[in-house]
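Chemist: I would like to see how this sequence folds:
(2 chains)
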Amino acid sequence: MFERFTHSARQVVVLAQTEAQSLRHNYIGTEHLLLGLLGETEGLAARVLNELGVDRDDIHKGVVDYVGAGPVNQPDAAALDAIGIDLDAVRRRVEEAFGPNALERTRAARACAEKRRGFLGRGHRRPFGEGHIPFTPRAKKTLELSLREALALGHGYIGTEHILLGLLREGQGLAAHLLSRADVNFEVVRRRIVEELSPDSDAG
Amino acid sequence: MSQTTKLATAASSRDPSVGLRAVASLRVLVEDLQELQIENARSQGWSWEQIASVLGVSKQAVHKKYAGRRLLGRRR
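Modeler: Purely as a prediction, here's the structure:
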């Protein structure tokens, strides 16, 4: 799917994953893609959004207001170090007594038990492990639509601007909602992008 | 990790986000250790009462939270 993505567009997807992780969400939704677009400041999408007055921190706050951050479900070594606790040392001692991955094993068992009890009933609150976080159907749809928007503009690549158009075209996700709340709509963005990319534009 | 560690330590200890993150992490770590120790105690034949007494909580509290959890926890 990502073959035609520009370097910046790929960067957006990577940033979307980072944003999801830092919010402890176990999915990549349209809102994370939007945060990724705003974070990839080299991209045309970020430039257009900034010109339209969209602020990264406002969007981030909007995401937290709507869906919240996930529960802290694993200790953060850096945070513990700040108060003088060496997580690696604790882990080493525990593993000496109880075997490899003892902490992770009990944590996983606890997560299962809590899930069964319904403490973490909402799907997106499920703790996630290492590795890839899946896209939501809307985020997938957005990426598909970004290809369509690129083709509609006669572009042979998918850049950050096409992902932005995809988000707006998809229209139902949290990103589209937050953008419309910021008075950003498909037509305005599309016009801006065409202006920015026209050869006589001095925007570069 | 060393870089993030440095960042965290470099941040002022009065920065609430550092302190609160540490507390949240500590809570997870305490839960992990408690579960591990209780599992270990049970596998060594300790009663819920003995466990609760050392932990300084009521027997009911420990039993309610951990009984029935062992089937999962003991998988090695």
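
Chemist: Please pull out the lowest mean pLDDT helix or strand from chain A.
Modeler: Within chain A, no helix or strand scores below helix A:102-117, which has a mean of 77 by mean pLDDT, DSSP states H and E.

Chemist: Need the CA coordinates for the following helix or strand past that helix. CSV is fine.
Modeler: Next in sequence after helix A:102-117, counting helices and strands by DSSP states H and E, comes helix A:137-152. Extracted C-alpha coordinates of helix A:137-152, given in CSV (Å, rounded to 0.1, in the frame of the first residue of the first chain):
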residue,chain,number,x,y,z
PRO,A,137,-11.1,0.8,9.3
ARG,A,138,-11.6,4.5,9.0
ALA,A,139,-7.8,5.1,9.0
LYS,A,140,-7.4,2.4,6.3
LYS,A,141,-10.1,4.0,4.3
THR,A,142,-8.4,7.3,4.6
LEU,A,143,-5.2,5.9,3.2
GLU,A,144,-7.1,4.3,0.3
LEU,A,145,-8.8,7.6,-0.3
SER,A,146,-5.5,9.4,-0.3
LEU,A,147,-4.5,7.4,-3.3
ARG,A,148,-7.7,8.3,-5.0
GLU,A,149,-7.2,12.0,-4.3
ALA,A,150,-3.7,11.8,-5.7
LEU,A,151,-5.0,10.2,-8.9
ALA,A,152,-7.8,12.8,-9.1
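
Chemist: Quick one: name the residues of chain A near chain B.
Modeler: A:72-83, A:85, A:87, A:90, A:94, A:98-99, A:102-103, A:105-107, A:109-110, A:112-113 (Cβ under 8 Å from any Cβ of the partner chain). Just so you know, the C-beta spots here come from the backbone N, C-alpha and C atoms, and that holds for glycine as well.

Chemist: before we move on, the earlier item: now the least confident helix or strand of chain A: buried residues?
Modeler: A:102, A:103, A:105, A:106, A:107, A:108, A:109, A:110, A:111, A:113, A:114 (16 or more other Cβ atoms under 10 Å in any protein chain shown).

Chemist: and if you look at stretch A:26-44?
Modeler: A:26-40, A:43-44.

Chemist: tell me, how many neighbours does residue A:142 end up with?
Modeler: 28 (other Cβ atoms under 10 Å in any protein chain shown).

Chemist: From what I see, it and residue A:33 are in contact.
Modeler: Yes: between residue A:142 and residue A:33 a contact is recorded at 6.1 Å, counting by Cβ atoms under 8 Å.

Chemist: tell me, what's touching those two both at once?
Modeler: A:163, A:167, A:175 (Cβ atoms under 8 Å, 6 or more residues apart in numbering or on different chains).

Chemist: residues of the helix or strand hosting residue B:22 that come out buried?
Modeler: In the assignment (DSSP H and E), residue B:22 maps to helix B:16-43. Burial within helix B:16-43, assessed by neighbour count using 16+ other Cβ under 10 Å, is assigned to B:18-19, B:21-22, B:24-26, B:28-29, B:31-32, B:34-39, B:41-42.

Chemist: Among these, which ones lie close to chain A?
Modeler: Contacts with chain A within these, counted by Cβ under 8 Å from any Cβ: B:18-19, B:21-22, B:24-26, B:28-29, B:31-32, B:35-36, B:39.

Chemist: Could you give the separation of stretch A:35-51 from the chain centroid?
Modeler: Computed by Cα atoms, centre = their mean, to the nearest Å, the chain-centroid distance of stretch A:35-51 equals 14 Å.

Chemist: Can I get that stretch in CSV, CA atoms only?
Modeler: Coordinates of each C-alpha in stretch A:35-51 appear next as CSV, following Å, rounded to 0.1, in the frame of the first residue of the first chain:
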residue,chain,number,x,y,z
LEU,A,35,-1.4,14.4,14.5
GLY,A,36,1.1,12.8,12.3
LEU,A,37,0.4,15.2,9.5
LEU,A,38,0.8,18.2,11.9
GLY,A,39,4.0,16.7,13.2
GLU,A,40,5.6,16.2,9.8
THR,A,41,6.4,19.9,9.4
GLU,A,42,8.2,19.3,6.1
GLY,A,43,5.0,18.3,4.5
LEU,A,44,2.6,20.4,2.5
ALA,A,45,-0.3,19.3,4.7
ALA,A,46,1.3,20.7,7.8
ARG,A,47,1.9,24.0,6.0
VAL,A,48,-1.6,24.2,4.7
LEU,A,49,-3.1,23.3,8.1
ASN,A,50,-0.9,25.9,9.8
GLU,A,51,-2.0,28.6,7.3
